[in-house]
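J.: fold the stuff below for me.
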Amino acid sequence: MMLLRFINGLWNGMVKVLITMMLVAGWNSVPAGDIKIGVVNTEKILRESQPAIQAQNKIEQEFIPRDEDIKKIALQAKALQEKLEKNGASMEETERRNMERNLANLSRDYQRAQKQMREDLSARQNEEYGIILDRTNRAINKIAEIEQYDLILQLQDSVYRSQRIDITDKVIKELNKE
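T.: Coordinates of the predicted model:
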C-alpha cells in the first residue's frame with residue numbers, strides 16, 4: 001500500500017514537472033533565465049503563522065468544556081467498575097445487573113461523546129484552516145505580484161527545490177502583518 005502511494009506520488013510529481021516544463025517551453029517570448037519560480041510549504045504555514053496559532057488556541061478553548069465532560073464520564077465509569085469489582089460478588093443479582101447495565105451505558109456514552117468530539121474538532125479545524133489557507137493564497141498572490149513571480153508551487157508538489165526559491169517565511173511574515 002505504501003509502495004503504491006509512493007509510486008502514485010512519484011507519478012503525479014513527474015506529471016506536474018512535465019506540465020511545468022511544457023508550459024515554460026511554450027513561452028517563446030520569455031527567455032528561460034527570466035522565469036521566477038517559488039515554492040511554499042503550507043504545512044509550515046499552518047504550524048508557525050500567527051493566524052494558525054491563534055486558530056489552534058481558539059479551537060482548544062472551545063473544546064475544553066466538552067473534554068471535561070468526557071473525562072467526567074470516564075471517571076464515573078471507572079468508579080462504577082471499581083465498585084462492581086469490589087462489591088459485585090456480595091450484591092444481589094438484580095443490583096449487580098443494574099450496575100453492569102449502567103456501566104455499559106456509561107461506556108457507550110463515553111465512546112459516543114469521544115467520537116462526536118473528534119468529528120466536531122476535525123470539522124472545526126478544517127473550517128479554521130480553510131480561512132487561513134484563503135488568507136495564505138492572498139498573501140502568496142500579493143508577494144507574487146510585488147516580486148514578479150511567474151510560478152509558485154506548493155512544496156509538497158516539488159521533487160527537488162533549492163532553498164533560495166522557498167518563500168514560505170515571506171508568506172508567514174505577510175500573514176503575521178494582517
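
J.: mind listing the helices for the protein?
T.: Along the chain, counting by DSSP state H, helices occupy 2-26, 42-48, 50-87, 93-147, 168-177.

J.: would CSV of those helices with mean pLDDT, distance to Gln154 and mean neighbour count be doable?
T.: In this view, the C-beta of every residue, glycine as well, is placed from N, C-alpha and C. Shown next, in CSV, are these (pLDDT from 0 to 100; distance: least, C-beta to C-beta, whole Å; neighbours: other C-beta atoms under 10 Å):
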stretch, mean pLDDT, distance to Gln154, mean neighbour count
helix 2-26, 44, 10, 11
helix 42-48, 92, 6, 16
helix 50-87, 94, 16, 14
helix 93-147, 94, 10, 14
helix 168-177, 92, 10, 17
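
J.: relative to Ser162, which of those is closest?
T.: Closest to Ser162 of those, according to C-beta to C-beta: helix 168-177, at 13.2 Å.

J.: follow-up on the earlier one: dump the helices of the chain to TSV, plus distance to Gln156.
T.: Converted to TSV, these look like this (distance: least, C-beta to C-beta, whole Å):
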stretch	distance to Gln156
helix 2-26	9
helix 42-48	7
helix 50-87	17
helix 93-147	13
helix 168-177	12
